[in-house]
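Novice: Next input, structure requested:
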Amino acid sequence: MKKYLLSFLLSFTFGTLFAQTYQMKVVKKGGEIVQIPADDIERISFEASNAPQPATQYVTLFGVKWATGNLQYDKGTWKIADHQWDYFKPRYGLHRNASEAYKFEIEQADDQIDHFNFGVCGSNALTYSKDVYGNTTKTDIAGKMYTDDKFLNKTTDFEQAAFGDIAYWATKGKYRLPRYVEISDLVQKGKWQFGYVIVDDNKRIYGYLVTEPGEGEFAMTIRSPKEITQDDLSKGLFLPCAGSRYDDTKAVKYAGYGGYYTSSILFEDSKDYARSLSFDNDGVYDNNGENCRNGNSIRPVVVE
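Specialist: As a prediction, the model looks like this:
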């Protein structure tokens, strides 16, 4: 009914407008304006696009295909960040210590979010509330969706899902949360180089580049920072120090100091801490738990 009503209204409107000189004005996201003379318009319809979807981008480490960017909600669109170092409102440069980093706050916008509570998806995906998160023990939610916060009622309906794997839900099954063993492999087997990517106006975004050790090399963490080049990025996984959003606020703290990336399962017998990959300029850790009530970064892996 809505489709025919729209056609009727458009016909009536343009029939009226043709007596005068009018143009249809379309404002695209990003501000670009397209104007079409009303006399040139025969009909208007809205149809599903058949344009090819963007190719899945990833870097393979220890047999796992890691996305080349963090999960983001960007003005109504769910996506993988355009670059490995991207996060909203980045902190350029490096904090000297944790105390300084805690005091430095970046407030996320309502329409640009890349820090998420644990186990939320669907209608809960963009929550800031400390009371909305998945809270049960020993359930690996990688590639799974649920209608309840205890992960008891599983669903395959993306429209019905309210809890579960946010990466899986947001990308319609293309990506998922990393499992704890996949995070552990990165930490235990990888070569971690602390450093920075130089972006516009010579600004520096800090993080770690993870690669597989070369012949004769061992797993190691190099804390002395160096520039991470485009060639480096093409061969490894770069995880920015994107900080963590604290409960019941939009404020991200520790950006430019540490990175906090949740996995797909809670920490041991805890009901409100998730297994995570965390790091700062002091080291890299895979045996920590991040508060499920806080908003942390998501670096998805490809579903196979």
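Novice: Let me see the ranges of the helices in the stretch 201-304 of the chain.
Specialist: Under the criterion DSSP state H, counting those that start in this stretch, helices of the stretch 201-304 of the chain are mapped to 230-235.
Novice: how about low-confidence regions in it?
Specialist: Scanning the stretch 201-304 of the chain for pLDDT under 70 picks out no residues.
Novice: OK, contacts around residue 104?
Specialist: Contact analysis of residue 104 by C-beta atoms under 8 Å, 6 or more residues apart in numbering lists 91, 95, 253, 255, 256. C-beta: built from backbone N, CA, C; applies to glycine.
Novice: surely the third one meets residue 99?
Specialist: No. Shown here, residue 253 and residue 99 do not form a contact pair, counting by C-beta atoms under 8 Å, at 11.0 Å.
Novice: which of the two has more neighbours?
Specialist: Per other C-beta atoms under 10 Å, whichever of residue 253 and residue 99 has more neighbours is residue 253, with 20 against 9.
Novice: what separates the more buried one from residue 291, distance-wise?
Specialist: Applying C-beta to C-beta, to the nearest Å, the value for residue 253 to residue 291 is 12 Å.
Novice: just residue 204 next, same as before
Specialist: Look at residue 204 and residue 291: by C-beta to C-beta, they are 28 Å apart.
Novice: More neighbours: which of these two?
Specialist: Legend: neighbour count by other C-beta under 10 Å for residue 204 and residue 291, higher for residue 291 (22 against 19).
Novice: Bridged to that one, which residues?
Specialist: Beta bridges link residue 291 to residue 273, judged by DSSP bridges.
Novice: ok, it - contacts?
Specialist: 247, 272, 273.
Novice: And those, which is closest to residue 264?
Specialist: residue 273 (13.7 Å; C-beta to C-beta).
Novice: In this structure that closest one contacts residue 293, no?
Specialist: No. With contact defined as C-beta under 8 Å, residue 273 does not reach residue 293; the gap is 9.5 Å.
Novice: check contacts around the closest residue to residue 303 other than its chain neighbours.
Specialist: Closest residue to residue 303 apart from its sequence neighbours, by C-beta to C-beta, 6 or more residues apart in numbering: residue 176 at 5.2 Å. Neighbouring residues of residue 176 by C-beta under 8 Å, 6+ apart: 142, 143, 165, 167, 168, 264, 300, 301, 303.
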